[in-house]
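[1] Please find the sequence and the predicted model below.
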Amino acid sequence: MKQTPLHRLKQSLRCATLAGTLIGISWFIPNLTAPAAANLEESYKTLVDEVWQMVNNQYVDPEFNQDDWESTREELLERDYESREDAYRAIREALGKLDDADTRFLEPEQFESLQEQTSGELSGVGLQLAIDEESQTIKVVEPLENSPAKEAGVEPGDEILAIDGQPTSLLSLEQASELIRGDSGTDVDLKLSRAGEGTFNLTLTRTNIEIPRVTHELREIDQTRVGYIQIEEFSSHAADQMRNAILDLQDRDAEAFVLDLRNNPGGLLYGSIEMARMWLEQGEIVSVVDRTGGNRNFGADQTSLSDLPLAVLVNENSASASEILAGALQDNDRAVVVGDQTYGKGTVQAVNPLSDGSGIALTVARYYLPDGRDIDKKGIDPDIEVSLEDGDQMRLSANPELQGTEEDPQFTRALSILNQSLGKSSTEAHSFLE
């Protein structure tokens with residue numbers, strides 16, 4: 001595959017990050033209630049009991065993993081807390097009794113990052129940065145679309161020499177990203193260098209920027225026009241980005257689609273439901289059951305955007321919302337699922353703010369696929385199992401631009417199935433797409 005200058009630049013860079021950095025997540029149905037005003041001097045016992053009350057009222061298991069939850073409260077309130085760290089430690093110990101890795105305490109910085117992640121936005125200038133391995137300088141991988149950096153003419157490969165007068169030669173990538181970040185409406189001064197053009201200065205005004213979590217391309221392979229859509233995670237903007245991708249690819253005469261959910265840890269529950277409705281005209285999508293047995297069923301609403309043949313790529317890192325989408329399409333015979341068995345996360349978390357700016361991700365429900373499957377700790381078995389060899393995994397990881405191309409064995413297998421449905425091949429089972 002011929003590499004563009006941008007592809008070569010990306011290979012020479014490491015530790016790519018958006019300015020600022022985001023942390024991968026897989027938590028869903030955020031509680032968007034604004035936290036109460038933080039009072040750093042209020043009793044740490046109040047904070048600890050706040051967590052206890054949330055678990056007591058919302059946790060999916062009313063037996064609390066066979067723990068005497070009332071006794072746990074007594075133990076917590078009998079303690080003396082001399083610092084915030086003491087309170088945080090006690091909270092983590094109490095949550096540990098639930099033996100639930102997805103229910104966990106989030107310190108203020110972690111909670112802020114999680115909110116940023118699920119919102120699909122950040123406040124900055126829209127620069128994706130990385131360290132050049134050869135020169136050890138900070139360079140631009142690419143500016144985000146519709147960002148201040150893009151509008152100002154920043155280009156891939158530009159070197160960041162200084163941020164607000166501070167030389168970047170002494171900064172880590174994380175420190176540089178932190179300096180560039182800031183409140184929307186504030187300015188940041190950058191000194192840059194561009195090959196063949198020398199140095200120049202820019203003043204950029206920070207703004208809230210939508211992070212692209214869905215990318216798409218039209219691939220023409222063996223005379224087949226395939227719409228390739230890759231979803232990194234289910235943020236609040238991902239469904240709109242998916243809708244735009246489908247419509248754009250159909251306008252460009254795509255004959256079939258490949259939806260890539262590999263390495264997607266999940267995200268917002270409702271994002272997966274919205275996306276499923278774009279592919280399903282009718283049928284069930286998912287049912288969500290809370291601690292009382294209350295059951296909410298979600299189904300298609302006759303708003304599908306495409307009925308073209310569809311394949312879905314999954315692997316062992318496709319989790320939660322990814323599994324809801326893949327499972328709904330599989331159970332309704334809308335798509336053939338290709339790849340490896342998925343992660344197996346069949347629970348739903350609510351993200352609750354606490355009074356000091358910290359938060360808690362709390363398991364509040366379980367979900368079941370249309371055929372009634374509970375996939376927790378089991379995952380989804382693909383219709384066509386295609387595992388990557390170690391060499392292929394390393395190659396695709398080091399060169400992500402090869403994903404969804406003829407250099408990608410899971411993609412090419414999916415393409416052969418789609419060609420069968422289009423009458424262009426006779427090598428794969430047609431029944432999956434009928």
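    Perfect, I can see it now. Nothing here was measured: the structure is a model prediction, and the numbers come from that model.

[2] And the strands in the stretch 151-300 of the chain?
    159-163, 166-167, 187-194, 198-205, 207-210, 214-221, 224-231, 256-260, 284-290, 295-299 (DSSP state E, counting those that start in this stretch).

[3] Most tightly packed of those strands?
    strand 256-260 (a mean of 25; mean count of other C-beta atoms under 10 Å). Using the backbone N, CA and C atoms, a C-beta is placed for each residue, glycine as well.

[4] any residues touching that one, and which ones?
    For strand 256-260, the external contacting residues (C-beta atoms under 8 Å, 6 or more residues apart in numbering) are 224-231, 246, 249, 306, 308-313, 325, 329, 335, 403-404, 411, 414-415, 418, 421-422.

[5] If we use 6 Å, what do you get?
    For strand 256-260, the external contacting residues (C-beta atoms under 6 Å, 6 or more residues apart in numbering) are 226-230, 308-313, 414, 418.

[6] cool, and stretch 72-79?
    Stretch 72-79 is contacted from outside by 45, 48, 52, 90, 94, using C-beta under 6 Å, 6+ apart.

[7] and if you look at stretch 217-229?
    Against stretch 217-229 from outside (C-beta under 6 Å, 6+ apart): 216, 245, 249, 252-259, 404, 419.

[8] So G327 is in contact with I380, correct?
    Yes. Between G327 and I380 there is a contact at 5.4 Å, judged by C-beta atoms under 6 Å.

[9] more neighbours, the two?
    G327 (28 against 25; other C-beta atoms under 10 Å).

[10] before we move on, could you check phi and psi at the more buried one?
    The phi/psi pair for G327 (degrees, to the nearest 10) reads phi -70, psi -40.

[11] Equivalent analysis for E134, please.
    According to degrees, to the nearest 10, E134 has phi -80, psi -50.

[12] how far away is it from G157?
    As defined by C-beta to C-beta, to the nearest Å, E134 lies at a distance of 13 Å from G157.

[13] So between those two, which is more surrounded?
    G157 (19 against 8).

[14] and the strands of the stretch 151-300 of the chain, which one is worst for confidence?
    Among the strands of the stretch 151-300 of the chain, strand 207-210 has the lowest mean pLDDT, at a mean of 87.

[15] hang on, S397 in a helix?
    Yes. Looking at S397 with DSSP: H, G, I helix; E, B strand; the rest coil, it is inside a helix.

[16] Got the confidence number for it?
    As predicted, S397 sits at a pLDDT of 88.

[17] count of neighbours near it?
    For S397, using other C-beta under 10 Å, the count is 12.

[18] what about it, distance to L388?
    10 Å.

[19] residue contacts, P62?
    P62 touches R291, counting by C-beta under 6 Å, 6+ apart.

[20] That one: which element?
    Using DSSP states H and E, P62 is not contained in any helix or strand.

[21] follow-up on the earlier one: can you redo the strands of the stretch 151-300 of the chain as CSV with distance to E85?
    Below are the strands of the stretch 151-300 of the chain laid out as CSV (distance: least, C-beta to C-beta, whole Å):
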stretch, distance to E85
strand 159-163, 32
strand 166-167, 31
strand 187-194, 33
strand 198-205, 38
strand 207-210, 32
strand 214-221, 39
strand 224-231, 38
strand 256-260, 42
strand 284-290, 33
strand 295-299, 39
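
[22] Compare those and give me the one nearest A350.
    Of all the strands of the stretch 151-300 of the chain, strand 284-290 sits nearest to A350, with 10.3 Å by C-beta to C-beta.

[23] if we can go back for a sec, what's the most distant pair in the contacts of stretch 217-229?
    Greatest spatial distance in the contacts of stretch 217-229: A245 and N419, 21.5 Å, computed using C-beta to C-beta.

[24] nearest spatial neighbour of D381, skipping sequence neighbours?
    Q341 (5.6 Å; C-beta to C-beta, 6 or more residues apart in numbering).

[25] Touching, the one you found and G379? I think so.
    Yes. Contact criterion C-beta under 6 Å: Q341 and G379 qualify, at 4.6 Å.

[26] who has more neighbours, these two?
    More neighbours surround G379 than the other of Q341 and G379, with 20 against 17 (other C-beta under 10 Å).

[27] got the contact list for the nearest residue to that one once chain neighbours are set aside?
    The shortest distance from G379 to any non-neighbouring residue, by C-beta to C-beta, 6+ apart, is to G344 (3.7 Å). By C-beta under 6 Å, 6+ apart, the contact set of G344 is 375, 377-379.

[28] could you redo the last one with a cut-off of 7 Å?
    If you count contacts by C-beta atoms under 7 Å, 6 or more residues apart in numbering, G344 has them with 375-379.

[29] Just the buried ones from those, in PyMOL syntax?
    In PyMOL syntax, the buried subset of the contacts of G344 is picked out as below (16 or more other C-beta atoms under 10 Å):
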select buried, resi 375+379
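
[30] Show me which of the contacts of strand 256-260 is closest to S320.
    The closest of those to S320 turns out to be V312 (C-beta to C-beta; 15.0 Å).

[31] how about that closest one, secondary structure?
    Assigned by three-state DSSP, the conformation of V312 is strand.

[32] Counting neighbours, what do you get for it?
    29.

[33] That one touches A326, doesn't it?
    Yes. Between V312 and A326 there is a contact under C-beta atoms under 7 Å: 5.1 Å.

[34] Kindly point out which residues are neighbours of both of the two.
    261, 337.

[35] What is the distance between stretch 344-361 and the centre of its chain?
    16 Å (C-alpha atoms, centre = their mean, to the nearest Å).

[36] Kindly apply the preceding question to stretch 386-402 instead.
    Distance of stretch 386-402 from its chain centroid, counting by C-alpha atoms, centre = their mean, is 20 Å.

[37] cool, and stretch 359-374?
    Remark: stretch 359-374 is offset 18 Å from the chain centroid, using C-alpha atoms, centre = their mean.

[38] buried residues in that stretch?
    By neighbour count on 16+ other C-beta under 10 Å, the buried set for stretch 359-374 is 359-370, 373.

[39] Which residue lies nearest the spatial centre of the protein?
    Nearest residue to the geometric centre of the chain (C-alpha atoms, centre = their mean): E233, 2.4 Å.

[40] on that earlier part again, could you dump the contacts of stretch 217-229 to TSV with distance to I180?
    TSV is the format used below for the contacts of stretch 217-229 (distance: C-beta to C-beta, whole Å):
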residue	distance to I180
H216	28
A245	28
L249	33
R252	35
D253	40
A254	37
E255	42
A256	41
F257	36
V258	35
L259	33
G404	31
N419	46
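
[41] Perfect, I'm done here.
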